[in-house]
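Participant: sharing a model that was predicted from the sequence below.
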Amino acid sequence: MSDESHLMNNSAWTTTQLGELTREEVRECAPDSVVLVPTGAIEQHGPHLPIDFDWRVGQYICDAAAQIARAEVPVWVAPGLPFGISNHHKPHPGVLSVSPATYQTVLGEVVTCLAESGFRRIALINAHGGNQEANAVVAREARNQLGVSVAAASYWTLARARLAAGSRAGEHVNIPGHAGRFETSLLLAIDSKLVRKSAIPAGKPHRDTPMMQGAAVYMAGKRQGDTSRFSDEPGLACEADGAAYVDIIVGALAQFLIEFHGSHQP
């Protein structure tokens with residue numbers, strides 16, 4: 001197979017990374033492809049998880065889902081945004097945040113550039129709760145101004161129904177929580193050496209960090225002095241649960257990408 005024909009066959013490429021293509025390869029693949037833009041955050045994740053948790057896990061999920069979806073439709077993962085809207089995690093160290101206005105401007109300009117490069121299907125796949133509303137605004141404005149199809153979703157919202165169906169009977173897990181059982185289990189499955197097991201907090205935090213994703217009402221109230229900044233019980237995390245969560249999430253995202261490609265024509 002010649003170099004010129006590589007992009008005509010999805011399986012001919014072992015990479016899903018848009019950044020590894022040349023300008024001419026991007027020109028060729030863009031009109032018929034879905035391109036993912038991962039969005040994450042660099043912020044404190046309790047005493048036991050790395051500050052790049054959101055970015056690392058989100059990138060892993062996007063890469064894995066793109067590899068699966070690639071068997072049916074052309075999918076590429078663009079270099080995304082590691083920095084998110086995280087000021088609410090200060091004053092803990094390791095919070096590398098940008099303002100909502102800056103975040104929306106940068107993400108919007110990235111989407112504009114992808115549209116100018118020829119992509120007609122752009123999916124903003126989020127891994128940090130603080131970015132959700134901003135991603136939705138960027139997607140809506142891009143659709144109105146650029147005439148392309150833009151989807152915005154967080155990985156846990158895409159997989160919520162499947163995660164609930166796959167949970168053990170009578171057991172409730174705070175999804176996604178923050179540095180709690182769910183997220184700690186994910187990283188145990190993805191890269192366990194990055195989990196500081198001896199530092200995993202025992203029991204519940206002094207004041208549970210509320211997770212409002214998907215709630216009917218968003219409430220931004222005064223902080224109540226909680227300094228733990230992790231949710232539920234990370235000590236209950238286990239690698240086997242994390243592996244099951246990862247499989248469900250990756251499968252749900254891959255299916256979404258296939259459906260997005262088919263239902264949104266350029």
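Facilitator: Thanks, I have the structure now.
Participant: strands along the chain, start to end?
Facilitator: 34-39, 75-77, 121-126, 149-154 (DSSP state E).
Participant: same for the least confident helix or strand in the chain by mean pLDDT, what does it pack against?
Facilitator: Least confident element among the helices and strands of the chain, by mean pLDDT, DSSP states H and E: helix 155-166 (a mean of 89). Secondary-structure packing of helix 155-166 (3 or more Cβ pairs under 8 Å, 6 or more residues apart in numbering; DSSP states H and E): helix 239-263. C-beta here means a position set from N, CA and C on the backbone, and glycine is covered the same way.
Participant: the helix it packs on versus strand 121-126: what angle between them?
Facilitator: Inter-element angle recorded for helix 239-263 and strand 121-126: 160 degrees (by axes from the mean of the first three to the mean of the last three Cα atoms, to 10 degrees).
Participant: looking at the strands of the chain, which is closest to residue 186?
Facilitator: strand 149-154 (13.5 Å; Cβ to Cβ).
Participant: show me what the closest one is in contact with.
Facilitator: With Cβ atoms under 8 Å, 6 or more residues apart in numbering as the test, strand 149-154 has contacts from 111, 120-127, 129, 131-132, 135-136, 138-140, 142-143, 176, 213, 256, 260, 264.
Participant: any of those residues buried? List them.
Facilitator: Buried by 16 or more other Cβ atoms under 10 Å: 111, 120-127, 129, 131-132, 135-136, 138-139, 142, 176, 213, 256, 260, 264, out of those.
Participant: buried ones in stretch 25-43?
Facilitator: By neighbour count with 16+ other Cβ under 10 Å, stretch 25-43 contains the buried residues 25-26, 28-30, 32-43.
Participant: wait, what's in contact with residue 99?
Facilitator: 85, 87.
Participant: retrieve the pLDDT associated with it.
Facilitator: Residue 99 is assigned a predicted lDDT (pLDDT) of 97.
Participant: quick check on it: phi, psi?
Facilitator: phi -70, psi 160 (degrees, to the nearest 10).
Participant: and it, how far from residue 85?
Facilitator: Distance check for residue 99 against residue 85: by Cβ to Cβ, to the nearest Å, it reads 8 Å.
Participant: residue 128 is in contact with residue 38, correct?
Facilitator: No - counting by Cβ atoms under 8 Å, residue 38 stays clear of residue 128, with 10.2 Å between them.
Participant: list residues touching both of the two?
Facilitator: Shared contacts of residue 38 and residue 128, defined by Cβ under 8 Å, 6+ apart, are found at residue 58.
Participant: which one of the strands of the chain lies nearest to residue 60?
Facilitator: Closest of those to residue 60 is strand 34-39, at 9.5 Å (criterion: Cβ to Cβ).
Participant: now for the closest one, which elements pack on it?
Facilitator: Counting contacts by 3+ Cβ pairs under 8 Å, 6+ apart, strand 34-39 packs against helix 53-69, strand 75-77, helix 100-116, strand 121-126, helix 239-263.
Participant: turn the ones you listed into TSV, including distance to residue 148.
Facilitator: Below are the helices and strands packed on strand 34-39 laid out as TSV (distance: least, Cβ to Cβ, whole Å):
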stretch	distance to residue 148
helix 53-69	19
strand 75-77	15
helix 100-116	5
strand 121-126	6
helix 239-263	12
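Participant: OK, contacts around the nearest residue to residue 130 once chain neighbours are set aside?
Facilitator: Nearest in space to residue 130, with sequence neighbours left out and distances taken as Cβ to Cβ, 6 or more residues apart in numbering, is residue 85 at 4.1 Å. Residues near residue 85 by Cβ under 8 Å, 6+ apart: 41, 97, 98, 99, 100, 103, 128, 130, 131, 134.
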